[in-house]
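In: Got a predicted structure here, sequence first:
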Amino acid sequence: MRIDVLSIFPSYFDGLTLSLLGKAQSSGILDLRVHDLRDWTSDRHRTVDDTPYGGGAGMVMKPEPWGLALDEVSARSERPTIIFPSPAGEVFTQATARDLSSREHLVFGCGRYEGIDERVFDYAASLGEVRLISLGDYVLNGGEVATMAMIEAIGRLIPGVVGNPESLVEESHEDGLLEYPSYTKPSLWREHAVPEVLLSGNHAAIAAWRREQQLERTRRRRPDLLAPDESA
Ligand SMILES: N#Cc1c(-c2ccc3ccn(Cc4ccncc4)c3c2)n[nH]c1N
């Protein structure tokens, strides 16, 4: 998979060279390139923003640098999926991550200020599939943090990135429920004991206990994930 990131703060993404995603890049599974949007400006001050038409507070990102940048990075493939993090976007979920992990080429456009000139999204649709995606119902200062989160959630689903694919199956949200609690040695720690069933060696009982834990936790913490008859 190819991923291109456009941002005025490219060093935000230095962390992606660490851990699993760093190894995925070294092994060639992931081709991640981060670009400074200002490289596509032409004035001395490398200007990327201007005042909004119609008035209002703050600044809006100019369309010209975006158009030039998207032209260049989109040319690396037939039709990339172009993702713009946005508070006005569809909410990112595990299903979104799974969908996007099957794509050949992702381009992330990280806005700042009050956002990007709307015509950029319209133009980008001529280059590839455009998705405005929100990390959740809270306000960030730009798209970088959301892009980091999405790249991590997507990247770990690419075959070969996570050593044991089995570990992806029993995670929160993979089967629509929250994950069961995990324990390791010692079996007694500061008077807190590991649930007996996990020490029993009875795999059927352990599986049943874990499923019940998933349902109970989801009912308590995330009833919205359950069908109406399951949340009682
Ligand atoms: N994904 C995502 C997001 C963002 C987000 C994403 C991109 C940009 C670019 C600029 N801003 C600042 C801003 C602009 C307009 N309204 C409010 C804040 C952004 C916020 N906020 N909250 C999320 N869940």
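Out: Okay, I see it. Residues are numbered from 1 along each chain as shown.
In: okay, CA-based contacts and neighbour counts for the rest of this
Out: Will do.
In: Tell me which residues are up against the helix or strand hosting residue 150.
Out: Using DSSP states H and E, residue 150 sits in helix 144-155. The contact list for helix 144-155 (CA atoms under 8 Å, 6 or more residues apart in numbering) reads 7, 9, 12-13, 16, 21, 30, 85, 92, 94, 97-98, 100-101, 108, 110-111, 134-135, 161.
In: which of the residues you listed count as buried?
Out: 7, 9, 13, 16, 21, 30, 85, 92, 94, 97-98, 100-101, 108, 110-111, 134-135, 161 (16 or more other CA atoms under 10 Å).
In: so of the contacts of helix 144-155, which ones are in strands?
Out: If you go by DSSP state E, these have 7, 85, 108, 134 in strands.
In: Look up how far residue 130 lies from the second one.
Out: Plainly put, residue 85 is 11 Å away from residue 130 if you go by CA to CA, to the nearest Å.
In: And residue 216, by the same measure?
Out: Residue 216 sits 38 Å away from residue 130, going by CA to CA.
In: residues near the residue nearest to residue 162 when sequence neighbours are not counted, how many?
Out: Closest residue in space to residue 162, ignoring its immediate chain neighbours: residue 156 at 5.9 Å, by CA to CA, 6 or more residues apart in numbering. As a burial measure, residue 156 scores 20 neighbours (other CA atoms under 10 Å).
In: Spit out the contact partners of residue 156.
Out: 20, 21, 162.
In: Same check on residue 70?
Out: Residue 70 neighbours (CA under 8 Å, 6+ apart): 124, 127.
In: quick one: is the host helix or strand of it near the ligand?
Out: In this structure, residue 70 sits in helix 63-74 according to DSSP H and E. No: using CA under 6 Å from any ligand atom, helix 63-74 stays clear of the ligand, with a minimum separation of 13.4 Å.
In: what is the mean pLDDT for that helix?
Out: For helix 63-74, mean pLDDT is 98.
In: For the remainder of this discussion, apply numbering that starts at 285.
Out: With 285 as the first residue, the last one maps to helix 347-358.
In: got the residues of this structure near the ligand?
Out: So far as CA under 6 Å from any ligand atom goes, the chain lies against the ligand at 369-371, 395-399, 417-427, 430.
In: Now the buried members of the residues you listed.
Out: The buried subset of the residues of the chain next to the ligand - by 16+ other CA under 10 Å - is 369-371, 395-396, 398-399, 417-420, 426-427, 430.
In: Right, I'll leave it there.
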